[in-house]
Every structure is written in C-alpha cells, then in structure tokens.
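> okay, predicted coordinates and the sequence, questions at the end:
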Number of protein chains: 2
Amino acid sequence: MTSQDLISQANGIPEEINGLRMTRQRQEIYKLLMGERSHPTANEVFMRIKESLPNISLATVYNCLEALVQHHIIRQVNFDREPSRYCPNLDEHGHFHDEATGTIHDVKFKPGINLTDILDLPPHTVIKDVEITLRGQLAFS
Amino acid sequence: MTSQDLISQANGIPEEINGLRMTRQRQEIYKLLMGERSHPTANEVFMRIKESLPNISLATVYNCLEALVQHHIIRQVNFDREPSRYCPNLDEHGHFHDEATGTIHDVKFKPGINLTDILDLPPHTVIKDVEITLRGQLAFS
DNA sequence: GCAGAAAATTAGAATCATTCCGAATTGTAT
DNA sequence: ATACAATTCGGAATGATTCTAATTTTCTGC
Ligand SMILES: [Mn+2]
Ligand SMILES: [Mn+2]
Ligand SMILES: [Zn+2]
Ligand SMILES: [Zn+2]
C-alpha cells in the first residue's frame, strides 16, 4: 500500500491513465476538469485547484495540463490568440464560442458525418487531427 | 493627382479597399501576401517586405496586418499557439498544416456543403465565423 | 498653396501567457 | 536503506504581440 495507492483510493481516479502516473496534482486537476466542463484556462485551473491543493504552483498546473494533453487524457483548445483552454471531452467535437457570454460550448457532429468527406483534401493526405471552431452568439428566442 | 494616387497607379492596387485607405505600406504588404500565398507570419512579412520598403518597422507591419484583417481584406490564421499567419484567400476554406514540411495548404470545401448542416448546434445560434484546421502529413505516393 | 486636424508610422517599452531552470521533494526499484 | 528517476516548485527568461509617445504624412477646409 503505497501513498500513491491511498491517493487514488480516496478520489476514485486510477493511479495510471494511458501510461501516465496520476500524481495527486494530476488527479485533482483532472477531477476539476471533469467536474466543471467549462473549458477553463491554466490560470483558472490554478485559482480553483487551490481549494484542494493550497500549495500547488502555477508551473505545476502547466506541467500537469501538458502531461494530460500529451497522454490524450484531456484536450487543449485554442481560440485565436487567447490563453489555451482545457477540455476533458475526448469525443470528436468542435467548440462554439458565444461572444455574448464568453462561454464555450461543445458542438457534436451530426451522426454519420465524416469530416474528410466534405473537404477537398490533397491526395495521399494523412490527417492526424482536426479542429473546428465557431464564433457567434446565442440569439434571443 | 496626390502622392497617394501615384502610389496606387504604380502597383495596380486601388487607393482604398473596403473603406481602408491603402497606404504605401498596406499596399506592399497586401501585394506580398497576394504574391506568396504561403501564409507568412508577421515577422516573415517584415523580413520580406524590407526589399520594397527598407525603412518599415515591425510595429507598422503589425498595424497594417491588423487593419487589413479588420477590413476583411485578408484573414488571420492561428495554429495552436504558434505565431499568427496571414492569408489573402477570402473564399471560405480551411487550413491543412503539413507537419513534415511545415507548409500550410488551403483546403476547399466540396461543392454544395454547408458547414452548419453537419454540426449539431444549439438552437437560435448565429454563427459569425467558422475555422477549420487540420494537422497531418502528405504521405509517400 | 497653407494652416490646422486627423491618420499613419515609427522605435522602443511594456505585457503576459507560457516555458525554462535549478533546487528540493517524492516515488520507485533493488 | 540506498540509488536513481520523476515530479514539483518558485522564480527567471522568452517571445509574440500590444502599447506609448513622438514624428511624419495625409487630408480638409480656406
Ligand atoms: Mn483561430
Ligand atoms: Mn488550435
Ligand atoms: Zn470541448
Ligand atoms: Zn488560407
């Protein structure tokens, strides 16, 4: 029974995901992202995570987020040149940025749609990643 | 016959586009973008534009690019957190980033495709802008 | 053409999200 | 326990972009 075991037992997150050891800091950050679903920035994560980890550093928040992204546990989302945001939704989806409220909404693709079907790609192209971003407003109903 | 007239006559770009007065600096930058089509960064524009405008400043390059974007004469393109790139293609299109060469290719949509058709958007949504980005490689033929 | 007024350009300083660094701590394997 | 590796941490450095204030250019009535 290592201390790592105890940490994992306490919050229900396994001690390793996709080959990444889930330290206390990584677990708490991952748990926060799963709970909020608001696509927070690194700094927003930093401010909110202090409740559970008062001594964590901003550098560690960046380290953890990068590790989680690298191991495909979360996704990094960029809007223009704004600070990066982080998303725990691993399903293929796009992001709608509501300019009125500043909120970000996940956007699913309609079933049966294959993105490469609608694009006129050069031949012999291997696509590793697709990103779809929308900006606009939720109109009055 | 103002000096502005003379500048425009010399390079075939009108003295005003979309309500933006096309100064010498704006004209040369626009001409460079139209000619190269390589989606250069602000700094790449700065380095290349010195051939025609040896005394231009980097601040002016940023100012001009922003003015051209604001007046919908060119588009600003972002890949993750890399420096912004600039694109003179005003047709609706996406961007394919070839990781092998670092080059960026415009990607057309297949005819008759309406992007909002394939997305499961929240109701009463007004989309102002859509961005599609692809990363991958051109495979051996 | 000539005096403002307005707009554009410029060099350099400031900003700020992110990355880097080196030291301290923690975890793992033997 | 000891040795080695990985992680965390505070603070410094980075770098694309923006800001500022001074200068230059252009425009708008006369
Ligand atoms: Mn963008
Ligand atoms: Mn991106
Ligand atoms: Zn998302
Ligand atoms: Zn383009």
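Received the coordinates, thanks. Numbers count the residues shown, from 1 in each chain, chains lettered A, B, ... in the order given. Ligands and ions are numbered 1, 2, ... in the order given.
> angles on the backbone of residue A:16, please.
phi -150, psi 140 (degrees, to the nearest 10).
> wait, what's in contact with the residue lying closest to residue A:41 once chain neighbours are set aside?
Among residues not flanking residue A:41 along the chain, residue A:83 sits closest, at 4.3 Å (C-beta to C-beta, 6 or more residues apart in numbering or on different chains). Heads up, the C-betas are built off the backbone N, CA and C, glycines and all. Contact analysis of residue A:83 by C-beta atoms under 8 Å, 6 or more residues apart in numbering or on different chains lists A:41, A:42, A:43.
> could you rerun that using 10 Å?
By C-beta atoms under 10 Å, 6 or more residues apart in numbering or on different chains, the contact set of residue A:83 is A:40, A:41, A:42, A:43, A:44, B:81.
> isn't the last one up against residue A:78?
Pointing back at residue B:81 there. Yes. Counting by C-beta atoms under 10 Å, residue A:78 is a contact partner of residue B:81 at 6.2 Å.
> more neighbours: these two, which one.
residue A:78 (18 against 11; other C-beta atoms under 10 Å in any protein chain shown).
> picking that back up, so which of the contacts of residue A:83 is the most crowded?
For these, the largest neighbour count, defined by other C-beta under 10 Å, is 21 neighbours, found at residue A:40.
> from what I see, that one and residue A:74 are in contact.
No. Applying C-beta under 10 Å, one finds residue A:40 not in contact with residue A:74, separated by 11.0 Å.
> can you check which residues contact both of these two?
With contacts taken as C-beta under 10 Å, 6+ apart, residue A:40 and residue A:74 have A:33, A:65, A:86, A:87 as neighbours in common.
> just the CA coordinates of stretch A:71-82, formatted as PDB?
Provided in PDB are the C-alpha atoms of stretch A:71-82 (Å, rounded to 0.1, in the frame of the first residue of the first chain):
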ATOM      1  CA  HIS A  71      -1.200  11.300 -23.000                       C
ATOM      2  CA  HIS A  72      -4.600  12.100 -24.600                       C
ATOM      3  CA  ILE A  73      -6.400  12.300 -21.300                       C
ATOM      4  CA  ILE A  74      -7.700  15.800 -22.000                       C
ATOM      5  CA  ARG A  75      -7.500  18.200 -24.900                       C
ATOM      6  CA  GLN A  76      -6.100  21.600 -25.400                       C
ATOM      7  CA  VAL A  77      -8.300  24.100 -27.100                       C
ATOM      8  CA  ASN A  78      -7.200  27.400 -28.600                       C
ATOM      9  CA  PHE A  79      -9.300  30.400 -29.700                       C
ATOM     10  CA  ASP A  80      -7.300  32.800 -31.800                       C
ATOM     11  CA  ARG A  81      -4.500  34.000 -29.500                       C
ATOM     12  CA  GLU A  82      -6.400  33.800 -26.300                       C
END
